[in-house]
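Trainee: only geometry, no sequence info:
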């Protein structure tokens, strides 16, 4: 990794929302800042991996990447979920290259095999190797926890507890429960902007009337509120009391953001997660995952298709504005801005957490 960014200590100062400035534009287009974020944000905070409905049987596996690290999640023969680095201990080959179901994990490079609990089982053509103990060459484990049916992983030994990170969330959207939702599909988008531009955009409804006219008709914008907590925020809005894509009557929209890069959107009958992954300093991947209680009936599938099409249209609107904002942040005309007290508390909360973590990690390293 590159050297630590040359941060200006003044940029870490925390002012009240009414007087605060946004983070400096350099943080949106610096390679050193991105490397710093991979090390201290994406590797040290909990990352949402998948939903347990995607790993229902022994041998079911799911692969992903976190901060450049290939990860494998598998359900073992005792029905326990386990997470490993998807890296063979021989010469670094991949143990799994796609989702699927298996009874044994086999490296796709030289054929070493591992049991579903990560222990090394088979080592082809290694009889002449001295001082080799298979017990020393099992897959490297990663901490895994579940919450409301969702699977979280963390690469760091020095981490905040998941229950601390998410404290109070389940109670807030009760009596809703996310356990009985089923994974339906994923949609991936690549966007030409820094990952924080996309997060900033998600965290405020200020742009909705301008950028999303259809969404503005769905949400009761006059009652759109923001709640902030230690490590997450909630944007909440009643749906207008008229027939809409999510049914009729008094539904609610819950838009959660979990620091640093997880979005959880709960609307009547469906749950959607957005995982924000930096591909480079100026390119971001957003993984949309859709979950529903009923994914089998003809009526449900028809409703699901309409929901995904509607969401896709909103996403295209967000992509267009985020890519334009990235250009503006790189221009000679911009360094720092200000916040709307009425509409941008969520963005201020996110950027305050960034400053807090950056200051702590930059000081200690």
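Mentor: Received, thanks. Since this is a predicted model, take the numbers as computed values, not measurements. Residues are numbered from 1 along each chain as shown.

Trainee: which residue ranges form the helices in the stretch 51-200 of the chain?
Mentor: 162-165, 169-172, 195-202 (DSSP state H, counting those that start in this stretch).

Trainee: right, so those: which one is the most enclosed?
Mentor: Highest mean neighbour count among the helices of the stretch 51-200 of the chain (mean count of other C-beta atoms under 10 Å): helix 195-202, with a mean of 23. Glycine gets a C-beta too; all of them are placed from N, C-alpha and C.

Trainee: tell me which residues in the following helix or strand past that helix are buried?
Mentor: Counting by DSSP states H and E, the element after helix 195-202 in chain order, helix or strand, is helix 208-211. Across helix 208-211, burial judged by 16 or more other C-beta atoms under 10 Å covers 208, 211.

Trainee: And the next helix or strand after helix 208-211, what's buried?
Mentor: Going down the chain from helix 208-211, the next helix or strand is helix 213-218, by DSSP H and E. Buried residues in helix 213-218, counted by 16+ other C-beta under 10 Å: 215-216, 218.

Trainee: which residues of the stretch 251-365 of the chain score low on pLDDT?
Mentor: Across the stretch 251-365 of the chain, the ranges flagged by pLDDT under 70 are 365.

Trainee: Give me the spatial nearest neighbour of residue 47, chain neighbours excluded.
Mentor: Nearest residue to residue 47, sequence neighbours excluded (C-beta to C-beta, 6 or more residues apart in numbering): residue 66, at 5.1 Å.

Trainee: tell me the contacts of that neighbour?
Mentor: 42-43, 47, 153, 155 (C-beta atoms under 8 Å, 6 or more residues apart in numbering).

Trainee: between these, which is closest to residue 55?
Mentor: Using C-beta to C-beta, residue 153 comes nearest to residue 55 of the contacts of residue 66, at 12.7 Å.

Trainee: sorry, back to before: gap between the residue nearest to residue 47 and residue 261?
Mentor: 10 Å (C-beta to C-beta, to the nearest Å).

Trainee: cool, and residue 63?
Mentor: Using C-beta to C-beta, we find residue 63 at a distance of 18 Å from residue 261.

Trainee: Who has more neighbours out of these two?
Mentor: Between residue 63 and residue 261, counted using other C-beta atoms under 10 Å, residue 261 has the larger neighbour count: 23 against 19.

Trainee: Kindly list the main-chain dihedrals of the closest residue in space to the more buried one that isn't next to it in sequence?
Mentor: Spatial nearest neighbour of residue 261, chain neighbours left out: residue 276 (4.1 Å); criterion: C-beta to C-beta, 6+ apart. Dihedral angles of residue 276 (phi, psi; degrees, to the nearest 10) stand at phi -100, psi 120.

Trainee: Contact partners for residue 276?
Mentor: So residue 276 contacts 195, 198-199, 261-263, 284-286 (C-beta under 8 Å, 6+ apart).

Trainee: Bridged to it, which residues?
Mentor: When bridges are called by DSSP bridges, residue 276 pairs up with residue 286.

Trainee: For the chain, give the helix that spans the most residues.
Mentor: With secondary structure taken from DSSP state H, the chain has its longest helix at helix 298-330.

Trainee: ok and it relative to helix 195-202, angle-wise?
Mentor: Using axes from the mean of the first three to the mean of the last three C-alpha atoms, to 10 degrees, the direction of helix 298-330 lies 120 degrees away from that of helix 195-202.

Trainee: ok, then the element right after helix 298-330?
Mentor: helix 345-364.

Trainee: Show me the contact partners of that next one.
Mentor: Contacts with helix 345-364, where a contact means C-beta under 8 Å, 6+ apart, come from 4-5, 7, 9, 11-14, 17, 20, 22-23, 27, 36, 39-41, 196, 199-200, 203-204, 226, 228, 231, 233, 235, 257, 259-260, 339.

Trainee: what number of residues lie near residue 145?
Mentor: Using other C-beta under 10 Å, residue 145 has 17 neighbouring residues.

Trainee: Pretty sure it sits against residue 162.
Mentor: Yes: counting by C-beta atoms under 8 Å, residue 145 touches residue 162, with 4.6 Å between them.

Trainee: what do those two both touch?
Mentor: 46, 152, 154.

Trainee: Just those residues: which are in strands?
Mentor: Within those, residues falling in strands by DSSP state E are 152, 154.

Trainee: still on that earlier bit, so for residue 66 and residue 261, which residues contact both of them?
Mentor: What both residue 66 and residue 261 touch, as defined by C-beta under 8 Å, 6+ apart, is the set 42, 47.

Trainee: of the shared contacts of residue 145 and residue 162, closest to residue 120?
Mentor: Residue 120 has its nearest neighbour among these in residue 154, at 24.1 Å by C-beta to C-beta.

Trainee: Quick check: the gap between that closest one and residue 165.
Mentor: Distance from residue 154 to residue 165, by C-beta to C-beta: 10 Å.

Trainee: try residue 4
Mentor: Remark: distance between residue 4 and residue 165 (C-beta to C-beta) = 25 Å.

Trainee: Same check on residue 348?
Mentor: Residue 348 sits at a distance of 19 Å from residue 165 (criterion: C-beta to C-beta).
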